[in-house]
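Undergrad: Here you go, sequence then predicted model.
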Amino acid sequence: MTFTLTATDAFSQARAGSLHTPHGKVDTPVFMPIGTAGAVKAVHFHELEQAIGFSILLTNTYHLYVRPGEAVIRQAGGMHAFCGWRHALLSDSGGYQVFSLSDRRKVTEQGVMFHSHVDGARHLFTPEKVIDIQRTLGSDIMMAFDEVVAYPATHRQAKIAMERTHRWLDRCLQRFSETSCPYGYEQALFPIVQGSTFADLRRASAEWVAEKQCPGNAIGGLSVGEPAELMYEQTELVCNLLPRDKPRYLMGVGMPDNLLTCIALGVDMFDCVIPTRNGRNGMLFTRNGIINIRNKKWQYDFSPLDDGLDFSISQNHSRAFLRHLLMNHELLGYQIASLHNLYFYHWLMQEARARIIAGNFNTWKDQMIRQVMQRL
């Protein structure tokens, strides 16, 4: 995998670039839809690929390991062949999912012992095991196994987890060098910067990660409950230390204002469940602001979801109709809301890229944040 920079903003750290992967080019800044188990909830790949234009999808090591299991995916020929997605795939290592199983796991130097949320069976994830699983998945971009700490954490807790993450990274890199993709193409491994909200730890972790000279780098352990300003502060610090010629991936972020602010800080890649999960719960993102479509005020509003978006779903369905579907738990409602929000996020990234290249990103960003984050 290679990364080329196309343009940089004169008034911020925003960048436009391109990732070149074995399964195609990915223009950045980019938002990656979450396909936890190999599929984005309520959305077909045809819509993601043809109607919207996504070129990369995120999937999850933990969930695919638990179900359907490595044997099925290996026999299918990897995740691309198994699920039919023809473009780039990034696999999260499962560190965050294991972290979320706080009452079902035990962390040691060897790895993490946990009980499956499906059947309660006991499993051990080590850095080596996580690399092996991701080799089986055949993801274009693999993530190193890390230890995430909750917010708030003490400095001591964050330091212990960060240092363990660094030791695990060395083991991940060793296993990565000893193995190869079973499907005949190269995979890339991204390390993850940790350190909670402590500047000294984030600095030490970013410097450690930068020294490894991997094809790209990730920033983890943010968007776990800390105030947005703390997230921005740590993201800026880390971006200033990570290599300029490598993509920077901020994991698990976020709302539209988070994305635009962090692009200005130098982030290239994002993922989050917000557009689909919040959409299924009635939150719509539009060019003019945020709509809670379940509110009674939309019952007789027959205007399009967002006629400013060049997307048939957003133009051809009224707010009243979508409200009707969601209030009656119709599955089509979940699909329409998810597609609309995903298109909005994709449009936002494309527009940010165009503004960076045109040289007026920073002014546009400030205006767009005010516009899209107001409640309608």
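TA: Arrived safely. Numbering: from 1, shown residues only.
Undergrad: Surely residue 31 is in a helix?
TA: No: read with DSSP: H, G, I helix; E, B strand; the rest coil, residue 31 is strand and lies in no helix.
Undergrad: which residues in the stretch 101-250 of the chain form helices?
TA: In the stretch 101-250 of the chain, the helices defined using DSSP state H, counting those that start in this stretch lie at 127-137, 155-178, 199-211, 228-239.
Undergrad: a markdown table please, covering the ones you listed and showing mean pLDDT, distance to residue 116 and mean neighbour count.
TA: Where you see a C-beta, it was placed from the backbone N, CA and C, and this is true even at glycine. Converted to a markdown table, the helices of the stretch 101-250 of the chain look like this (pLDDT from 0 to 100; distance: least, Cβ to Cβ, whole Å; neighbours: other Cβ atoms under 10 Å):
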| stretch | mean pLDDT | distance to residue 116 | mean neighbour count |
| --- | --- | --- | --- |
| helix 127-137 | 98 | 14 | 23 |
| helix 155-178 | 98 | 21 | 18 |
| helix 199-211 | 98 | 30 | 19 |
| helix 228-239 | 98 | 31 | 19 |
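Undergrad: Next, format those helices as TSV and append distance to residue 38.
TA: What follows is those, written out as TSV (distance: least, Cβ to Cβ, whole Å):
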stretch	distance to residue 38
helix 127-137	9
helix 155-178	22
helix 199-211	28
helix 228-239	29
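Undergrad: out of the ones you listed, which comes closest to residue 217?
TA: For those, proximity to residue 217 was assessed by Cβ to Cβ; helix 199-211 is nearest, at 5.4 Å.
Undergrad: and the angle from that closest one to helix 228-239?
TA: Here helix 199-211 runs at an angle of 40 degrees relative to helix 228-239 (axes from the mean of the first three to the mean of the last three Cα atoms, to 10 degrees).
Undergrad: okay, helix 199-211 in PDB with CA atoms only?
TA: What follows is helix 199-211, C-alpha atoms only, in PDB (Å, rounded to 0.1, in the frame of the first residue of the first chain):
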ATOM      1  CA  ALA A 199       0.100  14.700  26.500                       C
ATOM      2  CA  ASP A 200       3.300  13.200  27.700                       C
ATOM      3  CA  LEU A 201       2.000   9.700  27.000                       C
ATOM      4  CA  ARG A 202       0.600  10.600  23.600                       C
ATOM      5  CA  ARG A 203       3.900  12.200  22.700                       C
ATOM      6  CA  ALA A 204       5.900   9.100  23.700                       C
ATOM      7  CA  SER A 205       3.500   6.800  21.900                       C
ATOM      8  CA  ALA A 206       3.400   8.800  18.700                       C
ATOM      9  CA  GLU A 207       7.200   8.900  18.700                       C
ATOM     10  CA  TRP A 208       7.400   5.100  19.300                       C
ATOM     11  CA  VAL A 209       4.900   4.400  16.500                       C
ATOM     12  CA  ALA A 210       6.600   6.800  14.100                       C
ATOM     13  CA  GLU A 211       9.900   5.000  14.500                       C
END
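Undergrad: and the gap between residue 219 and residue 143?
TA: 12 Å (Cβ to Cβ, to the nearest Å).
Undergrad: Now list whatever residues contact both of the two.
TA: residue 192 (Cβ atoms under 8 Å, 6 or more residues apart in numbering).
Undergrad: Need the mean per-residue confidence for the helix or strand hosting residue 89.
TA: Using DSSP states H and E, residue 89 sits in strand 88-92. Summarised as a single mean, pLDDT over strand 88-92 is 97.
Undergrad: Which elements pack onto that strand?
TA: strand 56-60, helix 61-66, helix 79-83, helix 127-137, strand 141-143 (3 or more Cβ pairs under 8 Å, 6 or more residues apart in numbering; DSSP states H and E).
Undergrad: partners of that strand, with directions?
TA: Sheet pairing of strand 88-92 (DSSP bridges) gives strand 56-60 (parallel), strand 141-143 (parallel).
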